[in-house]
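S.K.: 3D, please:
(2 chains)
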Amino acid sequence: MKINFILNGKNVWVETDPLKRLLDVLREDFGLTGVKEGCGEGECGTCTVLIHGKIAYSCIIPVGAADHAEIMTIEGYRKTERYKALQDAFAEAGSVQCGFCTPGFVLAAESLLREDARPGETAIREAISGNLCRCTGYNMIVEGIKIASLKGKGLW
Amino acid sequence: MVRAYRPPDFQSALTIMRENRAIPLAGGTDLMVSRRRWSGLSPFFAKPVLFIGHLEEIKRVEIDITNIKIGSACSLASLLEHREIPEVLKIVISQMATPAIRNIGTLGGNICNASPAGDALPVLYAMDASVVLQRKAEIRTLPIEKFITGPGETVLKDDELLTSIIIPKKSYNVGFYRKVGTRQANSLSKLSFQGLARIEEGKISDIRISFGAVAMTVIRSREIEEILIEKSGKEIEKLIPEVSSLYSAVIKPIDDQRSNIRYRKTISLKLLRYFLRTVLISKIG
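M.R.: Got it, this is the predicted structure:
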């Protein structure tokens, strides 16, 4: 099946098995390795992408279901001002240790801040509740998102 | 490689179902996990797959004087954002899975998956929800408890699609929901409890109680609920032991990797008593 979608702002298409996981299409057909495979069953959030601006797990989405979707991965998002604000805030708060989960957390933060530019701690924890991090213990990530929302004022 | 279809509209979807007996896939958040294979391989489906998650005809919420009609392919997140969705349903949905799954997973999928631990089910049973099933030649509507017949089992015919969920509009002034799991987010329920009631002039005029994950399907007993109708706070207090033992007889949980019989039964009955004594009676005053 030929599947068309918007990937990181560009119209793209791929001729593939429509049941192939979006994760595999992004990594193998488009070389976007910022999308990671962790658990492969929608638990850990390392394969998080934005679909129409909202987070989704690309490991449990067949690419055929993403036809005509607007998909953004960390590679597209890193070109934005908002990414820069999150990058600086994550660095300041020590939100990154091994880094494997980080693209997912950055996109979860974007998905949250787009809805709520000044989220409280509860909203932040809720927004990242589907992303696992085995290094930081989460507090530094929560802090990073708080800093981004303050220093990135006006971006969201 | 199994075939997959992406119909342009709902009528074409019904035609494909008639001709191919396909597996409908809306969000796929359950199917993709249960059919997964090694990393890098497509999931395994024994039958053709029909994508329905993009079909606008089954993604609408329609409201009339008596009912709320929710399209089966509405994402869980879209229902949380919808102004007309009852708060009691939103409380349940907001505790399902994680934000990323709620953005993709659908209400219809949670019903058709028919897991005894399906989180949307107890509240739908309590609200007297019905499901609308459609195939090329027929539309039928069934109460949800007639639709789900066992773990993973429904009466959905192999050329039929669940198109919408109908919830009668009712106003409850008491609602109580507890999901018991190992952690706050993304846990599969050990058990769940839903209580809904309407109190008028110091008495119960309407009450619905349901339990999730403690039997083959959701438990709701209209006979036991009937005992509590028109009762005052004092009368309910006296009835608690009787009601508790009646529910004890119908709650038949199993031991599995998530919990065990004793825990599930004990906590279910504790939640029942908490609902009756602390939530309901204190509200009656």
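S.K.: Can you give me the end-to-end span of stretch B:274-285?
M.R.: Stretch B:274-285 has an end-to-end distance of 15 Å (Cα to Cα, to the nearest Å).
S.K.: Phi first, then psi, for residue B:5.
M.R.: phi -120, psi 140 (degrees, to the nearest 10).
S.K.: dump the residue contacts of it.
M.R.: B:13, B:16, B:20, B:22, B:48, B:49, B:50, B:51 (Cβ atoms under 8 Å, 6 or more residues apart in numbering or on different chains). No exception for glycine: its C-beta is placed from N, CA and C like everyone else's.
S.K.: Within reach of chain A, which of those residues are there?
M.R.: Contacts with chain A within these, counted by Cβ under 8 Å from any Cβ of the partner chain: B:49, B:51.
S.K.: can you list the contacts of residue B:5 in JSON lines and add distance to residue B:64?
M.R.: Below are those laid out as JSON lines (distance: Cβ to Cβ, whole Å):
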{"residue": "B:13", "distance to residue B:64": "25"}
{"residue": "B:16", "distance to residue B:64": "30"}
{"residue": "B:20", "distance to residue B:64": "34"}
{"residue": "B:22", "distance to residue B:64": "32"}
{"residue": "B:48", "distance to residue B:64": "36"}
{"residue": "B:49", "distance to residue B:64": "34"}
{"residue": "B:50", "distance to residue B:64": "29"}
{"residue": "B:51", "distance to residue B:64": "29"}
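S.K.: Out of the contacts of residue B:5, which comes closest to chain A?
M.R.: Each of the contacts of residue B:5 was scored against chain A by Cβ to the nearest Cβ, and residue B:51 proved nearest at 5.3 Å.
S.K.: Is that closest one in contact with residue A:18, as I believe?
M.R.: Yes: Residue B:51 lies in contact with residue A:18 (Cβ atoms under 8 Å); the separation is 7.4 Å.
S.K.: Overlap in contacts, those two.
M.R.: In contact with both residue B:51 and residue A:18: A:62, A:64, A:65, A:67, B:4, B:6, using Cβ under 8 Å, 6+ apart.
S.K.: Closest residue of chain B to chain A?
M.R.: Taking Cβ to the nearest Cβ, chain A has its nearest neighbour within chain B at residue B:98, 2.7 Å off.
S.K.: Spatially nearest residue to that residue, not counting backbone neighbours?
M.R.: Distances taken as Cβ to Cβ, 6 or more residues apart in numbering or on different chains put residue A:130 closest to residue B:98, at 2.7 Å, once the chain neighbours are dropped.
S.K.: same thing with residue B:90?
M.R.: residue B:80 (5.6 Å).
S.K.: Regarding that neighbour, which helix or strand does it belong to?
M.R.: Take DSSP states H and E as the rule and residue B:80 turns out to sit in helix B:76-81.
S.K.: which residues make contact with that helix from outside it?
M.R.: Here helix B:76-81 makes contact (Cβ under 8 Å, 6+ apart) with A:54, B:59, B:61, B:70, B:85, B:89-90, B:93-94, B:96-97, B:99, B:101-103, B:105-107, B:110, B:120.
S.K.: Give me the most central residue, the chain.
M.R.: Just going to use chain A. With distances taken as Cα atoms, centre = their mean, the residue of chain A nearest its centroid is residue A:107 (3.0 Å).
S.K.: Correction: the question concerned chain B.
M.R.: Of all residues in chain B, the one closest to the mean position by Cα atoms, centre = their mean is residue B:121, 1.7 Å from it.
S.K.: what pLDDT does that residue get?
M.R.: Note on residue B:121: pLDDT of 98.
S.K.: so how far is residue B:101 from the residue in chain A that chain B sits nearest to?
M.R.: Residue nearest to chain B within chain A (Cβ to the nearest Cβ): residue A:130, separated by 2.7 Å. Distance, residue A:130 to residue B:101, using Cβ to Cβ, to the nearest Å: 7 Å.
S.K.: picking that back up, how many residues are close by the residue nearest to residue B:98?
M.R.: 25 (other Cβ atoms under 10 Å in any protein chain shown).
S.K.: ok, it - contacts?
M.R.: With Cβ under 8 Å, 6+ apart as the criterion, the residues that contact residue A:130 are A:43, A:45, A:48, A:55, A:57, A:108, B:97-101, B:185-186.
S.K.: How about the contacts made by residue B:165?
M.R.: B:69, B:70, B:72, B:107, B:108, B:111, B:124, B:129, B:130, B:131, B:132, B:144.
S.K.: Which of the residues you listed fall in helices?
M.R.: Per DSSP state H, helices hold the following members of these: B:107, B:108, B:111, B:124, B:144.
S.K.: Using JSON lines, lay out those residues together with pLDDT, distance to chain A and neighbour count.
M.R.: Output for these, formatted as JSON lines (pLDDT from 0 to 100; distance: Cβ to the nearest Cβ, whole Å; neighbours: other Cβ atoms under 10 Å in any protein chain shown):
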{"residue": "B:107", "pLDDT": "98", "distance to chain A": "17", "neighbour count": "28"}
{"residue": "B:108", "pLDDT": "98", "distance to chain A": "14", "neighbour count": "27"}
{"residue": "B:111", "pLDDT": "98", "distance to chain A": "19", "neighbour count": "23"}
{"residue": "B:124", "pLDDT": "98", "distance to chain A": "23", "neighbour count": "27"}
{"residue": "B:144", "pLDDT": "98", "distance to chain A": "25", "neighbour count": "23"}
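S.K.: can I get those residues in a markdown table with distance to residue A:126?
M.R.: Formatted as a markdown table, the ones in helices among the contacts of residue B:165 follow (distance: Cβ to Cβ, whole Å):
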| residue | distance to residue A:126 |
| --- | --- |
| B:107 | 20 |
| B:108 | 25 |
| B:111 | 25 |
| B:124 | 24 |
| B:144 | 28 |
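S.K.: quick one on the thing from earlier: I figured the residue nearest to the centre of chain B hits residue B:214, correct?
M.R.: No: at 11.9 Å, residue B:121 does not count as touching residue B:214 under the criterion of Cβ under 8 Å.
S.K.: Show me which of the contacts of residue B:5 is closest to residue B:256.
M.R.: The closest of the contacts of residue B:5 to residue B:256 turns out to be residue B:49 (Cβ to Cβ; 28.5 Å).
S.K.: Identify the residue spatially nearest to the closest one, adjacent ones excluded.
M.R.: Nearest residue to residue B:49 in three dimensions, chain neighbours excluded: residue B:4, at 4.4 Å (Cβ to Cβ, 6+ apart).
S.K.: so what are the domain limits for the chain?
M.R.: No chain in the question, so chain A it is. A:2-77, A:81-151 (automatic domain parsing).
S.K.: You answered for a different chain; I wanted chain B.
M.R.: Domain assignment for chain B, taken from automatic domain parsing, gives B:4-168, B:174-284.
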